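**Student:** Sequence plus predicted model, see below.
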Amino acid sequence: MADLLPPEVITDILSRLPVHSLIRFRCTCKSWRSLIDSTHFILLHLRTSLSSHSHSTLVLRRDSELYQVNLGTLDRAIELNHPLMCYSNSIKVLGSCNGLLCLCNVAEDIALWNPNIRKHRLLPYLPAERRERDTTLFAARVYGFGYDSFSEDYKLVRISYFVDLHSRTFYSHVKLYSLRVDSWKSLPNMPYGLCCARTMGVFVGGALHWVVTRKLEPDQPDLIVAFDLRLESFSEVPLPETGNVNGNFEMDVSLLGGCLCMVEHRGSTRIDVWVMEEYGSVDSWCKLFSLTEHHNLRSLKSVKPLAYSGDGDRVLMEHDHKKLCWYSLKDKVVSEAKIPGMPHLIEATVYVGTLVPPTLLIKSDGGAKQKHGDDKGRRRRDDFLSQGFKLTL
Amino acid sequence: MTQLDRLSVYHWLNAWCIKPVGGALVRQEPEYILLALMGSPLKKIMLCSSEKEIFSVEEQVMVQHSVIINNMIEDGSYNHEESKIPLDCVDSKTLKKVIDYCTHHTHHHNDNQEDLEAWDAQFLNVDSNGLYDLLMAANYLEIRNLLDLIYGTIKNMIKGKKIDEIRRIFNIKDHGFTPEEEEQNRKEYPHFY
């Protein structure tokens, strides 16, 4: 006859479930609720979700609305009720990390939001910087959102980019928000010029990445800059040899399968997609595929790879910030990805469904302030471990 | 190569026990030569079920899959000539199934993914008691890929189920919530109810 199931087996089973099942199963009994709410379980579930790719979702933005689509099936677009006021204008997705989305509206209200558990947090307002001289113009503002595993802190970077067209110079104000201190601070200017105003920072290898240039000159090549979230400093990412001698090929960055992805626009007739398979190793750059006019893309303006298909044979891409399409690595053809009920003019972000809340998680080995919480946690854990569960299917 | 052929070669090698190493001929244990030649080790280990039934299985198969058995062989607590590994919490029927799983996955690890998945699906076509016994055995022996397989099956079984069914499956008789706490649960995540 069936005996009791050990607690580690229950934990293992639950850690593989999607978030909406876990939220419901919180009500099964007190032990399960305290397990699912515990920091240990939230982090275990996060690790499981990140490594299995099973909880990957696509978030599509159309104007001020957000929709969620399962990445595996691409079948139904479900509208998400995000927490920001739109003022009849669009909202922006600034980044996604560990199941948290960072959103901002036209009034530059910024929120951290977990669409799965529907908890959000508004960030303190950061006013726009004033231009330093009358001859300078505000050109662009980009953000980047990521996680600093060293200090266990979520950070948001804001780069406000100003140009002086007369002297062909630029400067970028850099500000950093840390969830741990819940405030913004100023950092030294970024010594590069932003190339693309629409691409938010790509978070990989503990750093945020943007495409920049060293000088505002026509022959200056694009390069990828990395802002390390722990060191809070900029460095350049070594690029592969792509034969870009004149510096006139535009570049874009993206995240594909957990790796830094570089998209190089070689004129108007070809787009090369490269992937850095091992972050930081220049030899690990590999050209994944090329798109040419033969691929029936009406214009090769911009392509943003998003994710691999479940079997790894195809790459889902956002095309011209408007449509989704699949590229088959085997057959080398492009096909449109139509999502029922989803009109055109969409931008896509990939995120993983997790239980991570937009607040700091208290670990059980925390400081003096958290000791009381620690005792409660230990008692709850012991209660849970003293029980067991029988399995009857 | 059939079992008979393997034995013939084994005896032949036993008689000669030679292997060229760096230009010289060195005496080597016949098992290792055979290993080198055919990649199929003869070393077997004995597993003893809770019903005291003995199962003989290739050492390589169990060492590859079970962390517990691998550790026992590595730290030398298992003596090939004399001892058997007692598995008091695994009955004969379950132990045979576990051995089947490990043996198949060792010998067919080069098969294509679809065939392996089909075999796994057929393997797990058991009743709930059988699944429970397999789960407990895989957990005890720390056979990671079998555990992952069983967890995947259980996860798919339970993820859409209602709370009452979950309580029945996991035999939770008393959920421990007061009516106020149940109301509180609903209020925390209102859109889920």
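**Tutor:** In hand now; what should we look at? Numbering: from 1, shown residues only, chains lettered A, B, ... in the order given.
**Student:** Tell me how far the residue lying closest to residue A:82 once chain neighbours are set aside lies from residue A:271.
**Tutor:** Distances taken as CB to CB, 6 or more residues apart in numbering or on different chains place residue A:66 nearest to residue A:82, at 5.3 Å, with adjacent residues excluded. Quick note: C-beta positions are derived from backbone N, CA and C, even for glycine. For residue A:66, the distance to residue A:271 (CB to CB, to the nearest Å) stands at 28 Å.
**Student:** Can you list phi and psi of the residue nearest to residue A:82 for me?
**Tutor:** phi -120, psi 140 (degrees, to the nearest 10).
**Student:** pretty sure it contacts residue A:80?
**Tutor:** Yes: applying CB atoms under 8 Å, one finds residue A:66 in contact with residue A:80, separated by 4.4 Å.
**Student:** So which of the two has more stuff around it?
**Tutor:** Legend: neighbour count by other CB atoms under 10 Å in any protein chain shown for residue A:66 and residue A:80, higher for residue A:66 (23 against 18).
**Student:** who's in contact with that one?
**Tutor:** Residue A:66 is in contact with A:59-60, A:79-80, A:82, A:91, A:93, A:103, A:115, counting by CB atoms under 8 Å, 6 or more residues apart in numbering or on different chains.
**Student:** Let's verify residue B:62: helix, strand, or coil?
**Tutor:** For residue B:62, the secondary structure call by DSSP: H, G, I helix; E, B strand; the rest coil comes out as helix.
**Student:** Leaving out the residues flanking it, which one is nearest to residue 63?
**Tutor:** Reading this off chain A. residue A:90 (4.9 Å).
**Student:** switch to chain B, that's the one I care about
**Tutor:** residue B:70 (4.6 Å).
**Student:** name the element the one you found belongs to?
**Tutor:** Using DSSP states H and E, residue B:70 maps to helix B:67-74.
**Student:** swap in residue B:77?
**Tutor:** Secondary structure (DSSP H and E) places residue B:77 outside all helices and strands.
**Student:** Just give me the neighbour total for it.
**Tutor:** 10.
**Student:** how far away is it from chain A?
**Tutor:** Distance of residue B:77 to chain A, given as CB to the nearest CB, to the nearest Å: 24 Å.
**Student:** Tell me how the chain divides into domains.
**Tutor:** Since you didn't name a chain, this refers to chain A. Domain assignment for chain A by the TED database gives A:6-36, A:55-350.
**Student:** Chain B is the one I meant
**Tutor:** Domain ranges of chain B: B:6-38, B:44-158, per the TED database.
**Student:** where does chain B dip in pLDDT?
**Tutor:** Applying pLDDT under 70 to chain B flags residues B:1-42, B:79-82, B:193.
**Student:** Next to chain A in this structure, residues from it, please.
**Tutor:** Contact residues (CB under 8 Å from any CB of the partner chain) of chain B with chain A: B:128-129, B:131-132, B:135-136, B:139, B:147, B:151-152, B:154-155, B:157-160, B:163, B:166-172, B:174-177, B:182, B:185-186, B:189, B:191-192.
**Student:** now those residues: which count as buried?
**Tutor:** Neighbour counting with 16 or more other CB atoms under 10 Å in any protein chain shown marks B:131-132, B:135-136, B:139, B:147, B:151-152, B:154-155, B:158-159, B:166-167, B:169-170, B:172, B:175, B:177, B:185, B:189 as buried within the residues of chain B next to chain A.
**Student:** ranking the domains of chain B by burial, who's on top?
**Tutor:** Greatest average neighbour count among the domains of chain B goes to domain B:44-158 (a mean of 16), per mean count of other CB atoms under 10 Å in any protein chain shown.
**Student:** what residue is smack in the middle of chain A?
**Tutor:** residue A:96 (3.0 Å; CA atoms, centre = their mean).
**Student:** Pull the contacting residues for residue B:91.
**Tutor:** Here residue B:91 is in contact with B:49-51, B:133 (CB under 8 Å, 6+ apart).
**Student:** Tell me the one of those nearest chain A?
**Tutor:** Of all these, residue B:133 has the smallest distance to chain A: 8.1 Å, by CB to the nearest CB.
**Student:** What are the neighbouring residues in contact with the closest one?
**Tutor:** B:90-91, B:93-94.
**Student:** coming back round to it: out of the contacts of residue B:91, which sit inside strands?
**Tutor:** Assigned to strands by DSSP state E, none of the contacts of residue B:91 qualify.
**Student:** Turn the residues you listed into JSON lines, including distance to residue A:160.
**Tutor:** Listed next are the contacts of residue B:91 as JSON lines, based on distance: CB to CB, whole Å:
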{"residue": "B:49", "distance to residue A:160": "70"}
{"residue": "B:50", "distance to residue A:160": "70"}
{"residue": "B:51", "distance to residue A:160": "74"}
{"residue": "B:133", "distance to residue A:160": "63"}
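**Student:** Going along the chain, name the strands of the stretch 151-300 of chain A.
**Tutor:** A:153-164, A:169-178, A:183-187, A:193-194, A:202-204, A:207-213, A:222-228, A:233-236, A:250-256, A:259-266, A:270-276, A:285-292 (DSSP state E, counting those that start in this stretch).
**Student:** Can you list the strands that the shortest one pairs with?
**Tutor:** Same thing as strand A:193-194. According to DSSP bridges, strand A:193-194 forms sheet pairs with strand A:207-213 (antiparallel).
**Student:** Not counting the partner strand itself, show me its contacts.
**Tutor:** A:142, A:144-146, A:157, A:159, A:190, A:192-196, A:199, A:201-203, A:220-229, A:237, A:251-253, A:260.
**Student:** And for stretch A:276-283?
**Tutor:** Residues outside stretch A:276-283 that contact it (CB under 8 Å, 6+ apart) are A:204-205, A:237-240, A:259-262, A:284-286.
**Student:** Would you mark the buried spots in it?
**Tutor:** Result for stretch A:276-283 [16+ other CB under 10 Å]: buried residues residue A:276.
**Student:** how far out from the middle of the chain is it?
**Tutor:** Using CA atoms, centre = their mean, to the nearest Å, the distance from the centre of stretch A:276-283 to the centre of the chain it belongs to is 20 Å.
**Student:** same deal with stretch A:255-271?
**Tutor:** Averaging C-alpha positions (CA atoms, centre = their mean) puts stretch A:255-271 17 Å from its chain's average.
**Student:** do the same with stretch A:148-166
**Tutor:** For stretch A:148-166, the distance to the chain centre is 15 Å (CA atoms, centre = their mean).
**Student:** quick one: contacts for the residue nearest to residue B:58 when sequence neighbours are not counted?
**Tutor:** For residue B:58, ignoring the flanking residues on the chain, the nearest one in space by CB to CB, 6+ apart is residue B:44 at 5.9 Å. Neighbouring residues of residue B:44 by CB under 8 Å, 6+ apart: B:56-59.
**Student:** Throw these into CSV and include secondary structure, thanks.
**Tutor:** As requested, the contacts of residue B:44 are exported to CSV (three-state DSSP):
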residue, secondary structure
B:56, strand
B:57, strand
B:58, strand
B:59, helix
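**Student:** Apart from its chain neighbours, what residue comes closest to the single nearest residue of the stretch 151-300 of chain A relative to chain B?
**Tutor:** Closest approach between the stretch 151-300 of chain A and chain B, counting by CB to the nearest CB: residue A:257, at 18.1 Å. Leaving aside its chain neighbours, residue A:257 sits nearest to residue A:308 (5.1 Å; criterion: CB to CB, 6+ apart).
**Student:** so who does residue A:95 touch?
**Tutor:** Contacts of residue A:95 (CB under 8 Å, 6+ apart): A:101-102, A:143-146, A:156, A:200-201, A:203, A:349.
**Student:** Alright, I will stop here.
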